[in-house]
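>>> need a structure here:
(one chain, ligands or ions: 2)
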Amino acid sequence: MLHPDRVTLRTAEEIAGIGAACAVVHGVLEEIRALVAPGLATAEIDRLAAARLAERGASPAFLGYHGYPATICVSVNEQVVHGIPSARQVLREGDLVSLDFGAVLDGWYGDAAITVPVGRASPEALRLVETTREALDRAVAAARPGNRLGDVGAAVQRHVEAMGYSVVRDFVGHGIGRQLHEPPQIPNFGSPGTGLLLRPGMVLAIEPMVNAGGAEVDLLGDGWTAVTADGRLSAHFEHTVAVTGDGPVVLGLEGTGRGD
Ligand code: MF3
Ligand code: CO
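Ligands and ions are numbered 1, 2, ... in the order given. Sure, this is the predicted structure:
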């Protein structure tokens, strides 16, 4: 186990490697997003993710990780993260489906998540999704040299709580590169000006999980699926972000800049 502060600084070339893995992740996520519709079983999403990944010459980052049994995590409605795709779980109009997906390409890991409404969702559900996406955008903007990890967490927490929602505390973001999870851990809450100093070359997977109700989560009997304790909706977005001298760069999106 690395010392928690032992965060690897990556060269531009290494960051490009991670970016290529992230481009695969985003390419597949966009294909899946286009196919999300009422009637689709979440097991079909897993089959699709595995096939599209293979086409791109990449391997799954999650399959077999601590025994996780699928290629993608699909978490519906009150499921927060790590939902296991199933033939019995069929998407319905108005559901919120979180797709969390990781790829390995040439030994480099990429990780991203999006939450997608199925057909027409309620204004309340869409507001939760938008708030979570905005919280990620604010966290990304805070991931610049000279800032600290607490600034990243505080950016999420401030926005989420101002909207009347809760930040999940039992799961955190993480460094990423040669492994899916590297130091540091990246909480989605914190105090500005505290914690690890951010430096150019750090690569961070930032992933706010936001609950419409309380922050508490329970684990289902499958040992993986986290659900809100109060049964209310949850949303999740994730980007892999490089801290550079020019500021934060979201990896895997077309062009060089920021994105959603
Ligand atoms: N984005 C999630 C994470 O970084 C996905 C991990 S799922 C697992 O924790 F199956 F790999 F555990
Ligand atoms: Co992650």
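>>> Low-confidence regions, this structure specifically.
1-5, 255-260 (pLDDT under 70).
>>> list the helices and strands the longest helix along it packs on?
Counting residues, the longest helix in the chain under DSSP state H turns out to be helix 12-35. Under the contact criterion of 3 or more Cβ pairs under 8 Å, 6 or more residues apart in numbering; DSSP states H and E, helix 12-35 touches helix 42-55, strand 96-105, strand 108-117, strand 239-244. In short, each C-beta sits where N, CA and C put it, glycine included.
>>> Tell me the buried residues in that helix?
14-15, 17-29, 32 (16 or more other Cβ atoms under 10 Å).
>>> Run through the helices of the stretch 101-250 of the chain in chain order.
123-142, 149-162 (DSSP state H, counting those that start in this stretch).
>>> Out of those helices, which one sits most buried?
Among those, helix 149-162 has the highest mean neighbour count (mean count of other Cβ atoms under 10 Å), at a mean of 22.
>>> which secondary structure elements does that helix contact?
helix 123-142, strand 166-167, strand 182-186.
>>> follow-up on the earlier one: closest to ligand 2 among the buried residues of helix 12-35?
residue 25 (10.4 Å; Cβ to the ion).
>>> Which strand residues bridge whatever residue of the stretch 101-250 of the chain ends up closest to ligand 1?
Of all residues in the stretch 101-250 of the chain, residue 111 sits closest to ligand 1, at 5.1 Å by Cβ to the nearest ligand atom. On the basis of DSSP bridges, residue 111 is bridged to residue 102.
>>> In contact with it, which residues?
22, 25, 61, 100-102, 176, 180, 205, 207, 238, 240 (Cβ atoms under 8 Å, 6 or more residues apart in numbering).
>>> again, only this time at 6 Å
102, 176, 205, 240 (Cβ atoms under 6 Å, 6 or more residues apart in numbering).
>>> That one and residue 117: what is the separation?
22 Å (Cβ to Cβ, to the nearest Å).
>>> isn't there a strand covering residue 74?
Yes: counting by DSSP: H, G, I helix; E, B strand; the rest coil, residue 74 is found in a strand.
>>> so who does it touch?
42, 45, 83, 85.
>>> If we ignore the residues flanking it in sequence, what's nearest the last one?
Going back to what we said before, that points to residue 85. Counting by Cβ to Cβ, 6 or more residues apart in numbering, residue 46 is the residue found nearest to residue 85 once chain neighbours are left out, at 3.6 Å.
>>> Could you tell me how many residues sit around that neighbour?
Using other Cβ atoms under 10 Å, residue 46 is surrounded by 23 other residues.
>>> Enumerate the residues of the stretch 151-260 of the chain near ligand 1.
Contact residues (Cβ under 6 Å from any ligand atom) of the stretch 151-260 of the chain with ligand 1: 174, 205, 207, 238.
>>> Export those to TSV and append columns for distance to residue 216 and neighbour count.
Shown next, in TSV, are those (distance: Cβ to Cβ, whole Å; neighbours: other Cβ atoms under 10 Å):
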residue	distance to residue 216	neighbour count
174	22	20
205	23	27
207	18	26
238	21	25
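>>> Residue 197: which of those residues is nearest?
residue 174 (17.4 Å; Cβ to Cβ).
>>> about what we covered before: nearest to residue 6 among the helices and strands packed on helix 12-35 would be which one?
strand 239-244 (15.9 Å).
>>> Not counting its own residues, what contacts that closest one?
Identification of contacts with strand 239-244 by Cβ under 6 Å, 6+ apart yields 15, 22, 110-112, 140, 143, 176, 198, 200, 202-206, 248-251.
>>> which among these are in contact with ligand 2?
111, 205 (Cβ under 5 Å from the ion).
>>> if I look at the residue in the chain that ligand 1 sits nearest to, how far off is residue 150?
For the chain and ligand 1, the shortest gap (Cβ to the nearest ligand atom) falls at residue 68, measuring 3.1 Å. Between residue 68 and residue 150 the computed distance is 30 Å (Cβ to Cβ).
>>> what does residue 62 give?
28 Å.
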